[in-house]
Every structure is written in structure tokens, then in C-alpha cells.
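Asker: Build me a model from this:
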Amino acid sequence: MAKVSRKRKESLSKFDRTAQYTLTDALNLVKEISYTKFDPSVDLDVRLGVDPRKANQMVRGTVTLPHGTGKTVRVLVLCGPEKEDEAKAAGAEHVGLDDYIAKIKGGWTDVDVVITTPNVMPKVGALGKILGPRGLMPNPKTGTVTMEVGKAVADVKAGKIDFKVDKYGIIHSGVGKLSFEIDKLEDNARELLSTIIKLKPTATKGTYVKSVFLSSTMSPGIHIDVKSIS
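Answerer: Okay, the predicted model is just below:
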């Protein structure tokens, strides 16, 4: 059995792991029990009563967090020369096409979001095996395949994130940094949760939101009372 560190023991002693907390109380607790020296992310794990293997129960979407993610989002725009100036003006760190495709084929993926235009998707499609497993493959459903590259870059810089249920039926997403004020974290969390609730598939039977846990990087998970967020 892995040894539990002294700091983790102290964190665990500060709350009741069998209890369920309101979102506000959970956010206050996560600030109290976090013990990292850096500014960690605050994350939600939402377990849904869906079968992700069935296409009509897949839950996937985008949400713009009102107060952003607190992270610097590095953006690559793969486009033709006609869109390069627009992408650069919006703040994209990397803009181009063939040179970047060659770099990615060589193993470079040092970005957080990839945006492209529909007319170059035949070239970008060849990168699916590299970008797909890293969650970087552009997709029209998440607004990352678009002719409006400037708007797409501005949106992700402002806090637009995409989320997708995993094979276990869980959506895992950050909602900000621990240094954020409680009300800002709560606004972000509620925006994400309400978006997930709106995306409930019609094919879903029984309880849709089965459980919600809040944590920061390396902190224990705090069980949130679903009734307090619905």
C-alpha cells in the first residue's frame, strides 16, 4: 500500500469524506486543504448516468468560463496565407501550415489548442493519429474548424473550453485556479455544470448526474451534493 504523506493526512483530517457538501462549502474546503507550493487547478469530476459507447448517449460540448481558466492557452492555427494575419492579430502563438504539419509529424505538440480552416482539413486530417490521443484534433463541433479563426482564437484565450465524457462516463474539467476568489470559481463551476445538464441525451434513462467531486491538483476529492447545483 502506498504511504500517505503527512500533508495529505492533514488534508484528509480537515473534512468528512463520507459527507456531501454544497458547492460553496466545497470550494472553501478545497482552499483550506490544498497544500501545493504552486497555484493548482481546481477541477470537477462529474459522473453521468450515460453509456458513452452508444452514440446517442455521448455528452460533448463547449463552455466559456465567465472568469477564464487562469491558464495561458497556447494556440496553433493551421491555415493558408489568407488567414495568417487574422490569426496573429487575435493572439495565436503559432500560425502556418506545411511547416507546422511537418513539425507535428516529427512529434511536436507543444500547444494547448489547434484551430484550422475547413479548406485545409484534408491536410490536417492526416495528423489525427498524433493529435487525436492528445485531445488536440480540431473539430467543427467545438468551433476549432472554422473560417472565423480570429474569433476562435479570442474565444479560447478568453476561457472557452471543450469537454467530453470519457469511457467511464465521467467528465473531468478544470474550472479555474486555486488563487481565484470563491465567487469566481463558483460562477465558473456553475456555468460548466449547467451546460452539462442542458446536454442531457434524450436516450438517457434514470439518474443523469450521478455524482460530482471537486478537487485541486493533488488534493483529496470533496463530494458535492448534486441537489445543491441542480
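
Asker: Mind listing the residues bridging to the residue nearest the centre of the chain?
Answerer: Nearest residue to the geometric centre of the chain (Cα atoms, centre = their mean): S173, 4.0 Å. Bridge pairing for S173 (DSSP bridges) gives the partners L44.

Asker: what's the spacing between it and V114?
Answerer: For S173, the distance to V114 equals 19 Å [Cβ to Cβ, to the nearest Å]. (C-beta placed from N, C-alpha, C; glycine too.)

Asker: sorry, back to before: wait, doesn't the residue nearest to the centre of the chain sit right on D43?
Answerer: Yes: counting by Cβ atoms under 8 Å, S173 touches D43, with 6.7 Å between them.

Asker: about what we covered before: quick one: residues contacting the residue nearest to the centre of the chain.
Answerer: Taking Cβ atoms under 8 Å, 6 or more residues apart in numbering, we find S173 in contact with 43-44, 46, 161, 163, 192.

Asker: ranges for the strands of the protein?
Answerer: 41-48, 60-64, 75-78, 94-96, 113-116, 160-164, 170-177, 209-216, 222-224 (DSSP state E).

Asker: for those strands, which one sits closest to K198?
Answerer: strand 60-64 (8.3 Å; Cβ to Cβ).

Asker: how about the helices in the chain?
Answerer: 6-13, 23-33, 81-89, 98-105, 121-124, 128-131, 149-158, 182-198 (DSSP state H).

Asker: Below-threshold pLDDT in the protein: ranges please.
Answerer: Applying pLDDT under 70 to the chain flags residues 1-13.

Asker: do that again at 90, thanks
Answerer: 1-18, 32-38, 71-72, 135, 141-142, 162, 205, 217-220, 228-230 (pLDDT under 90).

Asker: In contact with the closest residue to K83 other than its chain neighbours, which residues?
Answerer: Distances taken as Cβ to Cβ, 6 or more residues apart in numbering place V149 nearest to K83, at 5.2 Å, with adjacent residues excluded. When contacts are counted by Cβ under 8 Å, 6+ apart, V149 touches 77, 79, 83, 86-87, 90, 92, 115, 117.

Asker: In JSON lines, list the residues you listed along with neighbour count and distance to M58.
Answerer: Formatted as JSON lines, the contacts of V149 follow (neighbours: other Cβ atoms under 10 Å; distance: Cβ to Cβ, whole Å):
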{"residue": "V77", "neighbour count": "29", "distance to M58": "27"}
{"residue": "C79", "neighbour count": "23", "distance to M58": "29"}
{"residue": "K83", "neighbour count": "22", "distance to M58": "30"}
{"residue": "E86", "neighbour count": "18", "distance to M58": "32"}
{"residue": "A87", "neighbour count": "24", "distance to M58": "30"}
{"residue": "A90", "neighbour count": "21", "distance to M58": "30"}
{"residue": "A92", "neighbour count": "26", "distance to M58": "29"}
{"residue": "I115", "neighbour count": "29", "distance to M58": "22"}
{"residue": "T117", "neighbour count": "22", "distance to M58": "26"}
